[in-house]
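[1] fold the following for me, if possible:
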Amino acid sequence: MALRALIRKPEIHRPDAPVVEFRGVTIHYGDGKPALEDASFALTRGERIAIVGPNGAGKSTLLKMLNGIFWPDRGRITVSGKVGALIEVGAGFHPLLTGRENIFVNGAILGMDRREIAAKFDRIVAFADIGDFLDAPVKSYSSGMFVRLGFAIAVHCDPQILLIDEVLAVGDKGFQGKCFNAIGKLKKQGTATILVSHNTHQVQNFADRIILLKKGQAVVFDDVQKGLDEYADLFREPSASSIQKICNGNQLISFQDAAIAKTRLQPGDTFEIVLDYHALADYDDVSVDIGIYAESEQGFYFQAGNKAYDARLDLKKGSHRIGFAIEAIPLNNANATIALAIWSSDKSEKLFWWRIPVHFSGVKHAQGRNFLRVRFSQTERTP
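    Residues are numbered from 1 along each chain as shown. So this is what the prediction gives:
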């Protein structure tokens, strides 16, 4: 019979000792396919690991095994110390009880006794900052309010291991910043943290290492940027098949060929596309819309038309060529889509519309969503 176990131990105080250890862990989905297969890794005190992977790769399953919700089919998981977990919105809350009452319920689940919860109650309430909703049944809470209260309780249980699933994505930017500041303070106290996220900028700022889950395999990267590049590669298809060619012309004009310089870019690179077309009539003073959608942004990262640049374009009868270049795009470590649309002058006719996926690699030691050119100088000061 195959060995399978989840072993819980008291907190270990040696700084180099693992607080979480996976050894040959395998677990299958209900259809028999492996969610994880022979996964092995360790997490030490104060370390922060991010888990990335496509939907269905087993990220949440891994956290649920660490929290004792699922057991492995084979292998051994060792957890040393108290676990604070925020895995699913609303988990550990009774819907008919108020937020005030649920602080005691959820705190007990996380291993605190009533006296400890009472002593920390005011700090939990202040951190959650949900106002009068504290005395309302939690069934009336939004997802963001659940996350506020759940995270506040989890970080105040003084965990040695903190597990956070993608639930932080539903919180507003201000509260997300508050959460990561709290995680930073816990790190200084020796708390190890595992974060599941699709937000590559968040991962880049947060993680000491990355675990990439793909097809049941857990690949550990000590180099965070290399792990993120491998993650981005999972979503990159051959350029010809991934371009969305929504419109290539009409009865009077057809766009026959396109040359794209490159779709894998560095921050600061220029994106260029050249289009060949054949027209049976003149289209004077056309409107061109160019936009960039970045996965880290809501809506357009950039959008403008040729009119914004006082650039007139005439598509003349016959066979011709036009080109477009977006210069010095500063995106850092991002998947994005570049949209290009051409309209008749009054925008009554759509002549061309493509959506082109691109990837901007990340620059080491640069953690923001943009990478800008900076000049450095150093001179001797004259007395």
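[2] for stretch 76-88, buried residues please.
    Judged by neighbour count (16 or more other CB atoms under 10 Å), stretch 76-88 contains these buried residues: 76-88. Where C-beta positions appear, they are placed from N, C-alpha and C, glycine not excepted.
[3] make a markdown table out of these and add distance to residue 211.
    As requested, the buried residues of stretch 76-88 are exported to a markdown table (distance: CB to CB, whole Å):
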| residue | distance to residue 211 |
| --- | --- |
| 76 | 17 |
| 77 | 14 |
| 78 | 17 |
| 79 | 16 |
| 80 | 19 |
| 81 | 20 |
| 82 | 22 |
| 83 | 18 |
| 84 | 19 |
| 85 | 17 |
| 86 | 18 |
| 87 | 16 |
| 88 | 20 |
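[4] in strands only, show me those.
    In strands, judged by DSSP state E, the following of the buried residues of stretch 76-88 are found: 76-80, 83-86.
[5] CA atoms only: put the helix or strand hosting residue 147 into CSV for me.
    Taking DSSP states H and E as the criterion, residue 147 maps to helix 143-155. Provided in CSV are the C-alpha atoms of helix 143-155 (Å, rounded to 0.1, in the frame of the first residue of the first chain):
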residue,chain,number,x,y,z
SER,A,143,-16.8,39.2,-1.5
GLY,A,144,-14.5,42.1,-0.6
MET,A,145,-15.9,42.4,2.9
PHE,A,146,-15.4,38.6,3.4
VAL,A,147,-11.8,39.0,2.4
ARG,A,148,-11.3,41.9,4.7
LEU,A,149,-12.6,40.1,7.7
GLY,A,150,-11.0,36.7,6.8
PHE,A,151,-7.6,38.2,6.3
ALA,A,152,-7.7,40.3,9.4
ILE,A,153,-8.4,37.2,11.5
ALA,A,154,-5.8,35.0,9.7
VAL,A,155,-2.9,37.5,10.3
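[6] which residues does it contact?
    Outside helix 143-155, the residues that touch it by CB atoms under 8 Å, 6 or more residues apart in numbering are 84-86, 89-93, 99, 102-103, 106-107, 110, 124-125, 127-130, 133, 138, 141, 162, 164, 167-168, 170-172, 175, 179, 182-183, 186.
[7] ChimeraX command to pick out the buried ones of those residues?
    A single ChimeraX command selects the buried members of the contacts of helix 143-155 (16+ other CB under 10 Å):
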select :84,85,86,89,90,91,92,93,99,102,103,106,107,110,124,125,127,128,130,133,138,141,162,164,167,168,170,171,175,179,182,183,186
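[8] distance from the helix holding residue 147 to the middle of the chain?
    The chain centroid and the centroid of helix 143-155 are separated by 19 Å, computed with CA atoms, centre = their mean, to the nearest Å.
[9] and the following helix or strand past it, which strands flank it?
    Where DSSP H and E defines the elements, the next helix or strand beyond helix 143-155 is strand 161-164. Here strand 161-164 has these sheet partners by DSSP bridges: strand 83-86 (parallel), strand 192-196 (parallel).
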